[in-house]
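Asker: Give me a 3D structure for the following:
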Amino acid sequence: MIVMFDAHCPRCNAIRLLPISRLRSLVNSPLGIEVTLECYCGAVFELLLGQGPAASFPGAPAGPADVSGRMSPSHR
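Answerer: Modelled structure (predicted):
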């Protein structure tokens, strides 16, 4: 499986399809999943993915989520 991100690059002002090798960091924060990517042009930018704070979803199951915000199959 090839993992790719489609993201808007602020420098190119275009949607770019970026491979996992362009991923610079992935942080699970209180706001959601913060993804830092580097475009082919050299611009480094962040995306905020996921469902947002767990506290806003009472009774939400605990477990790892993929970058799309869906629970992984083993935690559904």
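
Asker: burial of A7, as a residue count?
Answerer: Here the count is done by other CB atoms under 10 Å, and A7 has 19 residues near it. Where C-beta positions appear, they are placed from N, C-alpha and C, glycine not excepted.

Asker: That one against E46, yeah?
Answerer: No: judged on CB atoms under 8 Å, A7 makes no contact with E46 at a distance of 9.6 Å.

Asker: Overlap of the contact sets of those two?
Answerer: Both A7 and E46 are contacted by L37, under the criterion CB atoms under 8 Å, 6 or more residues apart in numbering.

Asker: Give the burial count for the residue lying closest to I2 once chain neighbours are set aside, as a bare number.
Answerer: Nearest non-adjacent residue to I2, counting by CB to CB, 6 or more residues apart in numbering: P19, 7.2 Å away. P19 has 11 neighbours, counted by other CB under 10 Å.

Asker: what's the spacing between P19 and V3?
Answerer: 7 Å (CB to CB, to the nearest Å).

Asker: Also L31?
Answerer: For L31, the distance to V3 equals 22 Å [CB to CB].

Asker: and if you look at S21?
Answerer: As for S21, its distance to V3 is 10 Å (criterion: CB to CB).

Asker: what about this structure, any weak spots by pLDDT?
Answerer: By pLDDT under 70, the weakly predicted segments of the chain are 52-76.

Asker: Going along the chain, name the strands of it.
Answerer: Using DSSP state E, the strands found in the chain span residues 4-9, 14-19, 23-29, 32-38, 44-49.

Asker: outside of the second one, which residues touch it?
Answerer: It stands for strand 14-19. 2-9, 37-40.

Asker: of those residues, closest to G50?
Answerer: F5 (13.6 Å; CB to CB).

Asker: Correct me if wrong: the closest one contacts T36.
Answerer: No: look at F5 against T36 with CB under 8 Å: they stay out of range, at 10.8 Å.
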